[in-house]
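Trainee: Structure here, sequence nowhere to be found:
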């Protein structure tokens, strides 16, 4: 149209209109808020050690997962509920390694009645839970039958499930999906080993996943060095355009 208009002055209204449209499109793009990537942080094993109350000083969106039958688990879960935090049950399950998962774990030799009794017993010990994740579990999370029995109980309670993903062959998330349970899995362990270098490396990995995929689920523990690291790093998330959210916002 512009090439055919003559004299040239007849083109000015068209050029002005095109420039106005381009300016409006640019303004709309600039004014549209960019959605921040989301990071969900779960602190596992809360309640077992003296000093675990430090977890209650972390920002409120941090999700706390409490060990049943632990020294302070029930007491700290009530304190976390008063802070309006999201609370999880950290359900003990048998591991392939030498570590002891604690009292009344889900193990491979249990029948359906025993598995579901232990799930109910653990849920009764930790109040106000919104969801569950596995404590250890590399020996049973690949066991579809026992995971089905666990998920039947969680479905009755309308709880979500986070697969801590302690072994690559885990089917826990898949079985949760089959039972209509909101679920996700851990993507980064923040502190698989102690030390500031490990924490920094794993944290940067978590941030990179969040920015690339839009979200990330991180699990850490209430170790003193981890708590100090998080108290320094969590306030910096906003300026990195990453939003700290309860894990319930990332389950599907």
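Mentor: That came through fine. Keep in mind that this is a model prediction, so the values were computed, not measured.

Trainee: that's a strand at residue 65, yeah?
Mentor: Yes - secondary structure of residue 65 (DSSP: H, G, I helix; E, B strand; the rest coil): part of a strand.

Trainee: wait, isn't residue 130 in contact with residue 87?
Mentor: Yes - if you go by Cβ atoms under 8 Å, residue 130 and residue 87 touch, sitting 6.2 Å apart. For the C-beta atoms, the positions are set from N, CA and C on the backbone; glycine is no exception.

Trainee: Which one's more surrounded, those two?
Mentor: residue 87 (22 against 19; other Cβ atoms under 10 Å).

Trainee: How about residue 72: what's its closest non-neighbour residue?
Mentor: residue 47 (4.7 Å; Cβ to Cβ, 6 or more residues apart in numbering).

Trainee: correct me, but the one you found touches residue 76?
Mentor: Yes - counting by Cβ under 8 Å, residue 76 is a contact partner of residue 47 at 5.4 Å.

Trainee: Of those two, which one has the most company?
Mentor: Legend: neighbour count by other Cβ under 10 Å for residue 47 and residue 76, higher for residue 47 (25 against 22).

Trainee: For that one, give its distance to residue 104.
Mentor: 15 Å (Cβ to Cβ, to the nearest Å).

Trainee: Kindly report the same for residue 50.
Mentor: 22 Å.

Trainee: which one of the two has more residues nearby?
Mentor: Ranked by neighbour count (other Cβ under 10 Å), residue 50 and residue 104 place residue 104 first, with 18 against 7.

Trainee: can I assume that one is in contact with residue 118?
Mentor: Yes - counting by Cβ under 8 Å, residue 104 does reach residue 118; the two are 4.9 Å apart.

Trainee: follow-up on the earlier one: mind listing the shared neighbours of residue 47 and residue 76?
Mentor: residue 66 (Cβ atoms under 8 Å, 6 or more residues apart in numbering).

Trainee: Which element, helix or strand, includes residue 89?
Mentor: strand 87-93 (DSSP states H and E).

Trainee: For that strand, name the packing helices and strands.
Mentor: strand 37-46, strand 63-66, helix 73-82, helix 112-125, strand 131-136 (3 or more Cβ pairs under 8 Å, 6 or more residues apart in numbering; DSSP states H and E).

Trainee: 6 Å instead?
Mentor: Applying 3 or more Cβ pairs under 6 Å, 6 or more residues apart in numbering; DSSP states H and E, one finds that strand 87-93 contacts strand 63-66, helix 112-125, strand 131-136.

Trainee: These into TSV, with extra columns for mean pLDDT, distance to residue 96 and mean neighbour count?
Mentor: TSV is the format used below for the helices and strands packed on strand 87-93 (pLDDT from 0 to 100; distance: least, Cβ to Cβ, whole Å; neighbours: other Cβ atoms under 10 Å):
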stretch	mean pLDDT	distance to residue 96	mean neighbour count
strand 63-66	98	21	29
helix 112-125	98	18	17
strand 131-136	98	9	26
